[in-house]
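S.K.: Here is the input, now give the coordinates:
(one chain, ligands or ions: 1)
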Amino acid sequence: MSEPSDYRDNSPNGRCPFRLERCGDLAPLRGALESAGYDQSALAGTVKLDDSSESLDVPALVLRTAERSPYNTLVRLFILALSVPEQAARDAVAPMKLESLVELGLLQVVADQVRATAVLFPYDDLLLARDFWPQVAGDAALPDYVPGVGPSSLALANLTVRKEVEFALDLGTGSGVQALWAARHADRVIGTDTNCRALNFAALNARLNERSNIEARQGSLFEPVSECQFDLVVANPPYVISPKARLEYRDSRMTGDAVCERVIRDMPAFLREGGYGTVIFNWHHQTTRDWAERPSQWLRSSGCDAWLMCSNTSDPIAYASDWLRRGQPHDPDRYPVLLDEWLAYYREIGIGMISWGAVILRRRSAEANWLRAEKAPSGRPTGSCSDQIQRVFAAEDLLDRFEDDRKLLELAFQLTPDHQLEQVLHAEDDSWSVDTARLSQTRGFGFVGQVDPLASKVLAGCNGRWRLGELVAELNEVSGLDFEQVASACVSVVRNLLRSGFLVQR
Ligand SMILES: C[S@@+](CC[C@H](N)C(=O)[O-])C[C@H]1O[C@@H](n2cnc3c(N)ncnc32)[C@H](O)[C@@H]1O
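M.R.: Predicted coordinates for the structure are as follows:
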């Protein structure tokens with residue numbers, strides 16, 4: 001396995017800033033940032049930490065960091081792309097030697113001033129190098145621009161199954177953040193990208209975060225790993241449906257959503273039995289209702305079970321205007337021209353609506369695999385959905401096997417943690433009576449459901465010890481209703497709760 005530092009700059013224009021072969025130990029740099037208090041929460045108080053340049057108020061930040069201190073020097077260097085006096089830079093990065101960072105290519109010295117060539121951004125417990133925001137750099141982003149952690153990076157991270165595995169792939173690795181997250185629970189990770197500059201950043205980030213189990217490979221889609229199969233594949237491809245391939249991280253060179261179709265159709269062949277793959281993607285369709293049709297076709301006969309989620313659907317105008325305004329200063333002259341260009345392209349290829357979503361695949365040799373397609377719960381997931389995803393896959397397997405309700409009555413179920421039940425009560429005859437009850441998840445997807453009195457009794461009885469049939473008998477006695485009626489209502493409640501990850505089979 002090659003080490004991250006083996007990655008060489010072979011980009012045609014040699015725009016890779018870092019010479020990793022000259023990279024020594026970077027732990028002293030991390031130490032310097034830590035002791036200066038240059039961390040995510042401090043930065044959140046100084047700059048708004050998201051990926052959109054609109055939120056960076058550069059003039060205010062320049063004023064805010066005017067007083068000389070190691071922290072302010074680091075913000076000026078690594079967030080604002082400003083030159084600082086050499087001695088200030090030397091003090092801020094000590095005990096790391098300034099010369100070592102110049103040798104690496106992260107800092108440049110001009111006369112007695114020092115400037116950085118990239119952002120250093122603490123994220124979680126990671127330290128990530130990325131390109132300066134175009135607004136900060138003072139130029140429009142170049143085609144090989146390498147952004148940092150954005151909303152789609154986080155969505156992918158949250159929808160990744162975090163099991164301990166041997167071999168993982170991060171397709172379209174960019175700054176390498178998914179590879180770094182995967183490297184925590186995979187023995188070995190390959191990050192691929194067409195953009196040499198991105199791979200150069202990914203390799204530096206592996207070094208900065210002391211990960212020696214990540215390998216960077218250049219090439220398109222699965223081409224650089226054609227001989228491999230993985231336990232985990234994650235992909236956040238350049239999914240934006242746009243008329244021109246202007247930015248490599250955003251626009252593929254393929255028509256419409258073809259890049260997403262290729263990744264989804266090809267992924268199963270690169271998964272080992274039981275291996276999971278997650279793709280964040282955009283796709284087009286005709287109406288607000290037919291969103292599942294095309295991706296479902298891509299998944300047909302894939303040898304994988306698949307969970308397809310649609311987060312939102314836009315009409316072409318809303319979609320184009322969102323992407324054209326994102327991350328760049330508004331240009332009132334060019335904007336209407338570009339908008340026309342994007343909309344003409346959508347008309348040309350017959351796009352009615354565009355959706356944003358994800359698919360999670362799991363390779364499973366079976367006579368038939370299941371496909372579940374649904375609108376994702378509203379709101380972004382809070383944190384990793386890994387446990388829930390595995391519960392949902394186990395539930396779908398179970399329900400696939402046990403179509404007959406009577407078989408479910410023989411099983412015991414248990415309520416999982418991370419949920420809450422909220423009740424609205426009204427006073428009646430000197431006591432409280434329940435108007436509505438709402439069950440919701442406090443972590444992960446945040447599935448929510450209304451719970452009727454029967455369902456709350458089922459929930460309370462799902463303690464892992466009672467079989468569902470025993471619970472039905474108990475409820476039947478209390479309610480005085482027909483056994484079959486109670487059984488069918490309870491089974492339906494249990495099916496719903498299993499499918500949204502509130503219950504597991506014991
Ligand atoms: C949306 S970015 C994702 C970056 C990172 N994985 C993340 O989640 O933040 C897409 C990445 O795919 C890369 N890319 C573009 N075309 C590609 C292709 N044909 N094959 C592999 N990677 C590609 C881009 O250079 C970019 O780094």
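
S.K.: give the contact list for the residue nearest the centre of the chain.
M.R.: In the chain, the centroid-proximal residue (CA atoms, centre = their mean) is Leu156; its distance is 1.9 Å. Shown in contact with Leu156 (CB atoms under 8 Å, 6 or more residues apart in numbering): 178, 234-236, 278, 280, 358. (C-beta placed from N, C-alpha, C; glycine too.)

S.K.: Take the residues you listed and keep only those in helices.
M.R.: Gln178 (DSSP state H).

S.K.: Serialize the contacts of Leu156 to TSV and add fields for neighbour count, distance to the ligand and pLDDT.
M.R.: Below are these laid out as TSV (neighbours: other CB atoms under 10 Å; distance: CB to the nearest ligand atom, whole Å; pLDDT from 0 to 100):
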residue	neighbour count	distance to the ligand	pLDDT
Gln178	27	5	98
Val234	27	8	98
Ala235	27	8	98
Asn236	26	4	98
Thr278	25	11	98
Ile280	25	8	98
Ala358	20	12	97
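
S.K.: Distance-wise, check the residue nearest to the centre of the chain relative to the ligand.
M.R.: Separation of Leu156 from the ligand (CB to the nearest ligand atom, to the nearest Å): 5 Å.

S.K.: Run the chain-centre distance for the helix or strand containing that residue.
M.R.: For Leu156, the element it lies in under DSSP states H and E is helix 151-158. Relative to the mean C-alpha coordinate of its chain, helix 151-158 is positioned 2 Å out (CA atoms, centre = their mean, to the nearest Å).

S.K.: And stretch 62-75, by the same measure?
M.R.: On CA atoms, centre = their mean, the centre of stretch 62-75 falls 32 Å from the chain's centre.

S.K.: How about stretch 474-482?
M.R.: 46 Å.

S.K.: Go through it and flag the buried ones.
M.R.: Within stretch 474-482, the residues that count as buried by 16 or more other CB atoms under 10 Å are 475-476.

S.K.: State the mean pLDDT of it.
M.R.: Average pLDDT, stretch 474-482: 81.

S.K.: contacting residues around it?
M.R.: 454, 457-458, 461, 466, 483, 486-487, 490.

S.K.: Which entries within the residues you listed meet the buried criterion?
M.R.: Here, 16+ other CB under 10 Å leaves 454, 457-458, 461, 466, 486-487, 490 buried among the contacts of stretch 474-482.

S.K.: Now intersect those with the strands, please.
M.R.: Trp466 (DSSP state E).

S.K.: and the buried ones among the contacts of stretch 474-482, which two are the farthest apart?
M.R.: Pairwise distances across the buried ones among the contacts of stretch 474-482 (CB to CB) peak at 15.5 Å, for the pair Leu454 and Trp466.

S.K.: picking that back up, looking at the buried ones among the contacts of stretch 474-482, spot the one nearest the ligand.
M.R.: Lowest distance from the ligand to the buried ones among the contacts of stretch 474-482 (CB to the nearest ligand atom) belongs to Val458, with 39.8 Å.

S.K.: So the closest one sits against Ala487, correct?
M.R.: No - with contact defined as CB atoms under 8 Å, Val458 does not count as touching Ala487 (11.1 Å).

S.K.: buried ones in the helix holding Leu156?
M.R.: So helix 151-158, judged by 16+ other CB under 10 Å, has buried residues 152-158.

S.K.: Output these in a markdown table; the columns should cover pLDDT and distance to Arg22.
M.R.: Formatted as a markdown table, the buried residues of helix 151-158 follow (pLDDT from 0 to 100; distance: CB to CB, whole Å):
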| residue | pLDDT | distance to Arg22 |
| --- | --- | --- |
| Ser152 | 94 | 33 |
| Ser153 | 95 | 29 |
| Leu154 | 94 | 33 |
| Ala155 | 95 | 36 |
| Leu156 | 97 | 32 |
| Ala157 | 97 | 31 |
| Asn158 | 96 | 36 |
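
S.K.: how about the residues of the chain that lie near the ligand?
M.R.: 149, 152-153, 156, 171-174, 177-178, 192-195, 198, 220-221, 236-238, 248-249, 252 (CB under 6 Å from any ligand atom).

S.K.: hmm, which of these are the buried ones?
M.R.: Buried members of the residues of the chain next to the ligand, counted by 16+ other CB under 10 Å: 149, 152-153, 156, 171-174, 177-178, 192-195, 198, 221, 236-238, 248-249, 252.

S.K.: returning to that earlier point: taking the contacts of stretch 474-482 one by one, which sit in helices?
M.R.: Per DSSP H, those map to helices at 454, 457-458, 461, 483, 486-487, 490.

S.K.: For the stretch 1-150 of the chain, give me the ranges with low pLDDT.
M.R.: 1-14, 48-55 (pLDDT under 70).

S.K.: any chance you could map the strands in it?
M.R.: 84-85, 107-110, 113-116, 119-123, 126-130 (DSSP state E, counting those that start in this stretch).

S.K.: Can you check which of those strands gets nearest to Asp340?
M.R.: Among the strands of the stretch 1-150 of the chain, strand 126-130 sits nearest to Asp340 (CB to CB), with 31.9 Å.

S.K.: Packing partners of the closest one?
M.R.: strand 119-123, helix 177-182, helix 196-208 (3 or more CB pairs under 8 Å, 6 or more residues apart in numbering; DSSP states H and E).

S.K.: right, and the helix or strand after the helix holding Leu156?
M.R.: The helix or strand immediately downstream of helix 151-158 is strand 165-171, counting by DSSP H and E.

S.K.: what about that next one, distance to the chain center?
M.R.: Using CA atoms, centre = their mean, the offset of strand 165-171 from its chain centre is 15 Å.

S.K.: try stretch 374-386
M.R.: Per CA atoms, centre = their mean, the centroid offset for stretch 374-386 relative to its chain is 11 Å.

S.K.: For Arg334, grab the count of nearby residues.
M.R.: 12 (other CB atoms under 10 Å).

S.K.: Then Pro28?
M.R.: Neighbours of Pro28 using other CB under 10 Å come to 15.

S.K.: ok, now Gly379?
M.R.: So Gly379, with other CB under 10 Å, has 10 neighbours.

S.K.: While we're on Asp241, how confident is the model there?
M.R.: Careful, residue 241 is Ile and not Asp. On the pLDDT scale, Ile241 gets 97.

S.K.: ok, now Leu425?
M.R.: In this model, Leu425 carries a pLDDT of 92.

S.K.: Give the closest residue to it in space, chain neighbours not counted.
M.R.: Among residues not flanking Leu425 along the chain, Trp432 sits closest, at 4.2 Å (CB to CB, 6 or more residues apart in numbering).

S.K.: Which helix or which strand is home to the one you found?
M.R.: Using DSSP H and E, Trp432 falls in strand 431-441.

S.K.: now that strand against helix 453-461, angle please.
M.R.: Angle of strand 431-441 versus helix 453-461, following axes from the mean of the first three to the mean of the last three CA atoms, to 10 degrees, is 70 degrees.

S.K.: what element comes up after strand 431-441 heading to the C-terminus?
M.R.: Downstream of strand 431-441 (by DSSP H and E), the next one is strand 448-450.

S.K.: All good on my end, thank you.
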